[in-house]
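S.K.: Here is a sequence together with a model predicted from it:
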Amino acid sequence: MRFLISMIVFGLTVISCTSTSNDNTIALDKASIGMKVPDLNIYELEGSSLIQKSLYDYQEEVIILDFWATWCGPCLTAFPKLSSLQQQYPDRLKVLAITDESPERIRSFLDTRPQEFTVAIDTSGVINRYFEHRVIPHYVILDAQKVVKAVVHSDFITKENIDKILAGEAIEFKEKKENLAFDYRNTFGDTNQEVIYQSTLLPYNPDASSVSNIAAKGNRIFAYNLTYPALLRMAYDMPYTRVIENFTTPARYEYKKENQYCYEMIFPERLRENRLKLMQAEIAALSGIKARLETKETEVYLLQKIPNTTITLPVSTQSPDPNAITRYGQGISMQGQPMADLTNYFENVLERPVIDQTGYTKVYDLEVKWYIEDPAKGLATLAPYGLELVKSKRPITFLVLED
């Protein structure tokens, strides 16, 4: 298979972009259906060479812009379909997959997972902002004149629909719309009075993605668009790697809109220690799911010092970055954080319980990379810190959910 890595650049100020075809300045509005997209500079990387092109150099009848990332599972799930479509229509369709990750990261990814379509790099975030979105994957379909024909979810990208577009037929689609002004910090209900205690359950919210916060700080627990089992995992503060689901009707709990809920609890400070127990009881009563804890011997990873290592991690003098974001497919950058954050990270990406046996009890600074296409390469980034992960068996407490 072949692959292309491209770097796309806008010549922009905050409110305008510079056309590559002339010296005129084009007013930069946010892209919308029916709008003609301005020309873009594109730098395709073939081997070690950068080949400059523009979006308007592509003469295919249909262009699919796919906004993605290596840490996005649904994005990667769609790749075989996109590669297949690119192979079926090599001269009539152009798939351009756009990510804000570094060229080095994407090159490493494609070394083991080559694709049939072009991959584009947008580290500046300019293109992501022009085609505004919050949730990926995000697909924008352009025609030969570079007019936006559709903004859609992955399920629209099918051979049948591409055939219709190529044939010039009218297409029906559900536009992928996002309320970019939506603020998770806002409470569910508006009131002019101070809330002492409030617990609310609402149906699926189309403006939100699936997020949650158990109020380690503050006095508001919230969750958007989670299933009942996910809400119980949250209430017991259990990762999914330590949950056993024994449901007679598992379809009732699939991630579909009709099975997803929004939950909020506002509580006084004196209830802080019991807030999760209150949530456990509420969700169990609302869902009819029985929850219990069970301990059993299971396969785990032990995070430990490499035997005979002379490396010792210095205690950090920094405070955690309140704006830090962990993208699980990229790695974790710790700043003044406990080892529990590292074990939680690896438990998530390795999908197996991880136990800290390093003996490090303070807070530390370290950076670990992760490569979904090559886990061993990611684990090797622990070595400079004198750490390793080894397989073992240990008694682990699981949350068992039954209906």
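M.R.: Noted; the coordinates are in hand.
S.K.: So N219 is in contact with F267, correct?
M.R.: Yes - counting by CB atoms under 8 Å, N219 touches F267, with 5.6 Å between them. Bear in mind the C-beta positions are built from the backbone N, C-alpha and C, glycine included.
S.K.: Is it correct that R327 falls within a helix?
M.R.: No - the assignment for R327 (DSSP: H, G, I helix; E, B strand; the rest coil) gives coil, which keeps it out of a helix.
S.K.: If I look at F3, what pLDDT would I see?
M.R.: Note for F3: predicted pLDDT of 43.
S.K.: quick one: low-confidence parts of the protein?
M.R.: 1-29, 43, 45-50, 190-192 (pLDDT under 70).
S.K.: Can you pull up the most central residue in it?
M.R.: The centre of the chain sits closest to C72, judged by CA atoms, centre = their mean, with a distance of 4.5 Å.
S.K.: Would you check how far apart that one and A97 are?
M.R.: C72 sits 11 Å away from A97, going by CB to CB, to the nearest Å.
S.K.: same question, S287
M.R.: Distance, S287 to A97, using CB to CB: 39 Å.
S.K.: Neighbour count for the two, which is higher?
M.R.: A97 (24 against 20; other CB atoms under 10 Å).
S.K.: How about the more buried one, nearest residue that isn't a chain neighbour?
M.R.: Nearest non-adjacent residue to A97, counting by CB to CB, 6 or more residues apart in numbering: D66, 4.4 Å away.
S.K.: tell me which element that neighbour is part of?
M.R.: Under the criterion of DSSP states H and E, D66 resides in strand 62-67.
S.K.: Likewise for A120?
M.R.: strand 118-121.
S.K.: Parallel or antiparallel, list what pairs with that strand.
M.R.: Sheet pairing for strand 118-121, assigned by DSSP bridges, gives strand 4-9 (parallel), strand 93-99 (parallel).
S.K.: re the thing from before, could you give the separation of the strand holding D66 from the chain centroid?
M.R.: Relative to its chain's centre, strand 62-67 lies at 19 Å (CA atoms, centre = their mean, to the nearest Å).
S.K.: Ok, stretch 159-169 next?
M.R.: Counting by CA atoms, centre = their mean, stretch 159-169 comes out at 30 Å from the chain centroid.
S.K.: what does stretch 357-374 give?
M.R.: 20 Å.
S.K.: on that earlier part again, would you check how far apart the residue lying closest to the residue nearest to the centre of the chain once chain neighbours are set aside and R233 are?
M.R.: Excluding its sequence neighbours, the residue lying closest to C72 (CB to CB, 6+ apart) is I136, at 5.2 Å. Applying CB to CB, the value for I136 to R233 is 24 Å.
S.K.: And the two? Which one has more around it.
M.R.: Neighbour count, other CB under 10 Å: between I136 and R233, R233 has more, with 22 against 18.
S.K.: List the buried residues of the strand or helix carrying the more buried one.
M.R.: In the assignment (DSSP H and E), R233 maps to helix 228-235. Neighbour counts over helix 228-235 (16 or more other CB atoms under 10 Å) mark Y228, P229, A230, L231, L232, R233, M234, A235 as buried.
S.K.: Dump those residues to a markdown table, plus distance to L293.
M.R.: Supplementary listing: the buried residues of helix 228-235 in a markdown table, determined by distance: CB to CB, whole Å:
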| residue | distance to L293 |
| --- | --- |
| Y228 | 18 |
| P229 | 15 |
| A230 | 17 |
| L231 | 17 |
| L232 | 12 |
| R233 | 12 |
| M234 | 15 |
| A235 | 12 |
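S.K.: Which one of those residues is nearest to N161?
M.R.: Closest approach between the buried residues of helix 228-235 and N161, by CB to CB: A230, at 31.6 Å.
S.K.: give me every residue that touches the closest residue to E60 other than its chain neighbours.
M.R.: Using CB to CB, 6+ apart and skipping residues adjacent in sequence, the residue nearest E60 is K94, 4.0 Å away. Residues near K94 by CB atoms under 8 Å, 6 or more residues apart in numbering: Y58, E60, V62, I63, I64, Q86, F117, T118.
S.K.: got it, and K377?
M.R.: K377 is in contact with S108, K369, Y371, counting by CB under 8 Å, 6+ apart.
S.K.: How are the helices of the stretch 251-400 of the chain distributed by residue range?
M.R.: Applying DSSP state H, counting those that start in this stretch to the stretch 251-400 of the chain gives helices spanning 275-287, 339-350, 375-379.
S.K.: Only C-alpha atoms, please: export the last one in PDB.
M.R.: In PDB, the C-alpha atoms belonging to helix 375-379 read as follows (Å, rounded to 0.1, in the frame of the first residue of the first chain):
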ATOM      1  CA  PRO A 375       2.400  -1.000  22.000                       C
ATOM      2  CA  ALA A 376       5.900  -2.300  22.600                       C
ATOM      3  CA  LYS A 377       7.400   1.000  21.300                       C
ATOM      4  CA  GLY A 378       5.200   2.900  23.800                       C
ATOM      5  CA  LEU A 379       6.100   0.700  26.700                       C
END
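S.K.: change the start of the numbering to 20 and stick with it
M.R.: Taking 20 as the first residue, the last one we looked at is helix 394-398.
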